[in-house]
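Engineer: Can you look at this prediction? I've put the sequence above it.
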Amino acid sequence: MTGAGSAPDHRAVASTDVLERRISGSGHRVTAPRRALLDAMQRLGDHFTAEGLVEAAPAVGRATVFRTLRLLLGIGTLCQVVLDDGAIEYRLASGGHHHHIVCSRCGAVNDFASCDIQDLLDELARRTGYDIEAHRLEVYGRCAQCQRELRPAERLPAGG
Ligand SMILES: [Zn+2]
Ligand SMILES: [Zn+2]
Ligand SMILES: [Zn+2]
């Protein structure tokens, strides 16, 4: 490996194989329904709703879908994305602590890892007496694609 393959991976963050290894590595069995759900998540792409997953894996019972979502959230393989209207979507986790930047128009989601808020958390812990365990940070805006689409048309036919 001599410095190859540095292209950013914007879509599927991990292959089904990698996801299966994460599940077995955390002491859980990769059952047929779980494998079917991982495949469905890959097909659904960047982010998806629980209902979308139920529909995409018709062979898997609804209760199993929700149980598996909870399992994958618990072992950090999946994250919840809170859209700006409060709706929850799911997204395969890129691994490690990160946050999401979400397009408020088209719902596109990107991860970002930089999270320089330790001072704020320390100050908050001091002020409130909380033992802080976790935090969530979602950032909303318009993605570059949406900005382009919303820009006044630049190629209107000149004249009539
Ligand atoms: Zn995430
Ligand atoms: Zn957008
Ligand atoms: Zn953070």
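Structural biologist: Here it is on my side, so go on. Ligands and ions are numbered 1, 2, ... in the order given.
Engineer: What backbone torsions are found at the closest residue to ligand 1 within the chain?
Structural biologist: Ligand 1 sits closest to residue 79 of the chain, with a gap of 3.2 Å, by CB to the ion. In this view, the C-beta of every residue, glycine as well, is placed from N, C-alpha and C. The phi/psi pair for residue 79 (degrees, to the nearest 10) reads phi -120, psi 160.
Engineer: mind checking which helix or strand of the chain has the lowest mean pLDDT?
Structural biologist: Every helix and strand of the chain was ranked by mean pLDDT, DSSP states H and E. The lowest is helix 16-25, at a mean of 90.
Engineer: Contacts for it, please.
Structural biologist: 14, 29-30, 34-35, 38-39, 41-42, 71-72, 75, 77, 92 (CB atoms under 8 Å, 6 or more residues apart in numbering).
Engineer: now the strands for this structure?
Structural biologist: For the chain, applying DSSP state E gives strands covering 78-82, 88-92, 99-103, 109-112, 138-141.
Engineer: mind putting these in TSV, mean pLDDT included?
Structural biologist: Formatted as TSV, these follow (pLDDT from 0 to 100):
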stretch	mean pLDDT
strand 78-82	94
strand 88-92	94
strand 99-103	95
strand 109-112	93
strand 138-141	96
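Engineer: separation between residue 29 and ligand 2?
Structural biologist: From residue 29 across to ligand 2, the span is 38 Å (CB to the ion, to the nearest Å).
Engineer: check contacts around that residue.
Structural biologist: Counting by CB under 8 Å, 6+ apart, residue 29 touches residue 23.
Engineer: any idea how far residue 59 is from it?
Structural biologist: For residue 29, the distance to residue 59 equals 18 Å [CB to CB, to the nearest Å].
Engineer: ok, now residue 40?
Structural biologist: In terms of CB to CB, residue 40 sits 10 Å off from residue 59.
Engineer: which of these two has more neighbours?
Structural biologist: More crowded of residue 40 and residue 59, by other CB atoms under 10 Å: residue 40, with 20 against 10.
Engineer: got the contact list for the more buried one?
Structural biologist: Taking CB under 8 Å, 6+ apart, one finds 53, 56, 57, 60 in contact with residue 40.
Engineer: Can you tell me, leaving aside adjacent residues, what's nearest to the third one?
Structural biologist: With CB to CB, 6 or more residues apart in numbering as the criterion, residue 57 has its nearest non-adjacent residue at 4.1 Å, and that residue is residue 40.
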